[in-house]
Structure formats: C-alpha cells, structure tokens
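Asks: A structural model of the following input is requested.
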Amino acid sequence: MNSKLLVFVLFAVWSGISWRWYVCGVKKACSSDREVPGTGIVADPGGIETDTITAEQIIQPSDGYTGGASEPSSIETVHMEALEDRMVIHFPYSSTRKEDNEAIDDYLSRLAQYMIASGEHVTISGHTDFVSDPKTNYQYGLRRAYGIRDILIKKGVPKSQIRCRSYGESKPVASNDTALGRYKNRRAEIVLNKK
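Replies: This is a model prediction of the structure:
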C-alpha cells in the first residue's frame, strides 16, 4: 500500500474518532435520551417529585402572546413558548434578562398574582447553548433564572416560593449546530409545582 494513502487513511480515522470524542464525550451533545422526540420537552432528573399542572390550566396566555408552536421571528429577540407543563422563555446570545417584551411581562404578572393567591411554588431552570466554557454557561443559566426570579419578587412573590437552578449547556433541546438550535437552547423554563 502506498505510504501516502496509509497516512491519509490513518489521519481520517483519527479525525473521526477525535470529533466523536469531543462532541459526545466533552460537550455531551449527542446523548439520545435528553429529549422526548418531537416535543422539545426534556426530562428533569432533579430527584424531586413534583406534581405539575399545565401553564394553560393556571394562566392563559394573553391575546398578544405569539408563543406556542410558532417559530421565533428573530433569534435576536426574546420569545416565549408554552409547552404542556412549562413556560419557556428563549434569549438572544449573551442575554440574561427578559428585555421589554409585553407578552412576557403580562405572563409574569399573572403568574405572580396566582402564586401570591395560591401560595404555590415555582422552579425556574436556566439553560444555555454550548458556545462558551461550561462554567461560564452555568453562570449564564443561573443569571437567566435569577432574572426571572427578581421580576416575580418585584411583583410581590415571596422569595421562598421560587427555586432557581442552572443546567448550563447540559440539557439542550435542539442541535447546537445551527443558530436557531443554539437560540432554542438559550432559555429559562418556568414550572409551577403543585403542592
């Protein structure tokens, strides 16, 4: 066999193995059990058993709400999406606040009123894409969760009713290979925990 061909074949094999190790081993971006296919819902292995009720059962989105199954009009804006058991707020790159979005502010106001009246608790989970290092991504996820928490506290919800956590880049709901996929992974998930 020609020595140049042997070197090329060995390089190609080494490249494939290295790529697989980096994407699957280091970035954990190829796990098949992270998402229920076609739903965008990821399992919450937090170890806490909670009864959840749907966002629609608690607070119906306002008439100005454009979330749900629709795609965001721009990955440079904040977008809200109602899933079966949670509300998801998507963020532009390097953003940690909900910005000035009337539909999100309206939703958070109604959520705060419900929480104050019922005494129910909420869990806010912050998530990121995998563009930065894991430590930075963990901090961004936590800052996203804290940003939503601070808004609820300003609206009168006691801090003791709000649990914040960050998953950083560890629980993607879409591929990080595209700008839209990374946008979908930059999110805060709000889950109302039934007592």
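
Asks: Which stretches in this protein count as helices?
Replies: Counting by DSSP state H, the chain has these helices, from start to end: 3-20, 55-58, 102-118, 134-154, 179-185.

Asks: Could you pull out the buried residues of the longest one?
Replies: The neighbour-count check on helix 134-154 (16 or more other Cβ atoms under 10 Å) flags 137-149, 151-152 as buried. Just so you know, the C-beta spots here come from the backbone N, C-alpha and C atoms, and that holds for glycine as well.

Asks: What is the nearest of these to residue 125?
Replies: residue 145 (6.3 Å; Cβ to Cβ).

Asks: just checking, that closest one touches residue 188?
Replies: Yes: Residue 145 is within contact range of residue 188, at 5.7 Å (criterion: Cβ atoms under 8 Å).

Asks: shared neighbours, these two?
Replies: Shared contacts of residue 145 and residue 188 (Cβ atoms under 8 Å, 6 or more residues apart in numbering): 124, 125, 126.

Asks: Dump those to JSON lines, plus distance to residue 113, pLDDT and neighbour count.
Replies: Formatted as JSON lines, the shared contacts of residue 145 and residue 188 follow (distance: Cβ to Cβ, whole Å; pLDDT from 0 to 100; neighbours: other Cβ atoms under 10 Å):
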{"residue": "124", "distance to residue 113": "17", "pLDDT": "95", "neighbour count": "24"}
{"residue": "125", "distance to residue 113": "22", "pLDDT": "94", "neighbour count": "25"}
{"residue": "126", "distance to residue 113": "23", "pLDDT": "92", "neighbour count": "29"}
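
Asks: Show me which of those is closest to residue 12.
Replies: Using Cβ to Cβ, the shared contacts of residue 145 and residue 188 come closest to residue 12 at residue 126, 39.4 Å.

Asks: just to revisit the earlier point, need the helices of the chain in TSV with distance to residue 78 and mean pLDDT, can you?
Replies: What follows is those, written out as TSV (distance: least, Cβ to Cβ, whole Å; pLDDT from 0 to 100):
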stretch	distance to residue 78	mean pLDDT
helix 3-20	34	83
helix 55-58	17	47
helix 102-118	6	89
helix 134-154	11	91
helix 179-185	10	87
